[in-house]
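Visitor: Structural data only, the sequence is not supplied:
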């Protein structure tokens with residue numbers, strides 16, 4: 001069976017198409033391992049929208065904690081994501097703690113409370129998106145700590161962009177991930193956001209998140225010599241990130257006017273151009 005015909009590959013193609021695209025540029029021998037990792041991430045990330053109350057979410061998260069413990073003890077559960085994830089885990093000498101950290105951080109998703117501070121927000125992004133990128137780098141063969149830290153930073157970029165892109169969807173669920181102190185700083189109330197109209201304060205807030213993501217990307221570019229050939233495909237996410245940031249800027253930093261469908265073709269062109277010329 002081709003690695004593109006597996007359950008995990010099909011799941012990522014359907015639910016996380018950007019990561020599906022960049023994984024196509026990875027070495028053939030690790031693609032399924034990356035698809036398994038991203039499928040694990042999809043499984044724990046979707047729990048919030050799949051449950052009607054926090055207790056049910058906690059039960060599902062605990063199932064995944066026990067699944068990771070089973071993988072670590074070489075007794076994996078018979079599950080379409082757990083089994084290939086177990087293969088990847090042992091093939092690349094991964095740490096159970098890094099997966100548990102992602103699961104623990106995701107418990108914040110199931111409670112409809114936004115983080116208190118920007119520090120709490122950054123901790124969450126690091127534990128989820130940043131940590132995920134570091135695991136992907138280890139699967140790709142990277143062990144250098146500086147290079148791994150750049151992968152972590154790329155995860156922070158992706159998490160910041162994801163926060164902006166998902167804002168409308170989250171509000172529809174009654175959830176808000178923007179930290180309370182940054183909302184207070186820009187004088188944005190939840191009721192303002194629920195109106196689904198980007199007033200000037202909301203635009204200023206989004207511009208601030210946009211600038212933070214841009215700063216991370218610029219720092220990555222300055223350190224591009226530390227990006228080894230093994231992890232270059234992961235950094236194609238930088239190209240997609242810049243495309244999304246351009247889309248947000250063109251929308252005037254109004255998160256409710258993002259036209260992702262219109263930006264799809266230019267985004268893919270940027271990806272292939274970056275892959276061809278090694279641009280970070």
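Guide: Received the coordinates, thanks. The shown structure was predicted, so the numbers you read here are calculated from the model rather than taken from an experiment. Residues are numbered from 1 along each chain as shown.

Visitor: which residues does residue 173 contact?
Guide: The contact partners of residue 173, by Cβ atoms under 8 Å, 6 or more residues apart in numbering, come to 48-49, 112. C-beta coordinates here come from the backbone N, C-alpha and C atoms, glycine included.

Visitor: What is the longest helix of this protein by residue count?
Guide: Secondary structure of the chain per DSSP state H: the longest helix is helix 200-222.

Visitor: Could you point out the helix or strand that follows that helix?
Guide: helix 236-250 (DSSP states H and E).

Visitor: After that following helix, which helix or strand is next?
Guide: Next element after helix 236-250 (DSSP H and E): helix 264-277.

Visitor: Next, count neighbours for residue 112.
Guide: Using other Cβ atoms under 10 Å, residue 112 is surrounded by 12 other residues.

Visitor: Not counting its neighbours along the chain, what's nearest the residue most central in space within the chain?
Guide: Closest residue to the average C-alpha location of the chain: residue 129 at 4.2 Å, with Cα atoms, centre = their mean. The shortest distance from residue 129 to any non-neighbouring residue, by Cβ to Cβ, 6 or more residues apart in numbering, is to residue 159 (3.5 Å).

Visitor: and that neighbour, how many residues sit next to it?
Guide: Neighbour count of residue 159, defined by other Cβ under 10 Å: 23.

Visitor: show me what contacts the residue nearest to the centre of the chain?
Guide: Counting by Cβ under 8 Å, 6+ apart, residue 129 touches 155-156, 158-159, 162.

Visitor: same deal with residue 266?
Guide: Contacts for residue 266 (Cβ under 8 Å, 6+ apart) come out as residue 243.

Visitor: Please report how far it lies from residue 240.
Guide: 11 Å (Cβ to Cβ, to the nearest Å).

Visitor: what about residue 107, how many neighbours?
Guide: Residue 107 has 16 nearby residues by other Cβ under 10 Å.

Visitor: Quick check, it in contact with residue 59.
Guide: No. Using Cβ atoms under 8 Å, residue 107 makes no contact with residue 59, being 11.4 Å away.

Visitor: got the contact list for residue 20?
Guide: With contact taken as Cβ under 8 Å, 6+ apart, residue 20 is in contact with 9, 12-13, 35.
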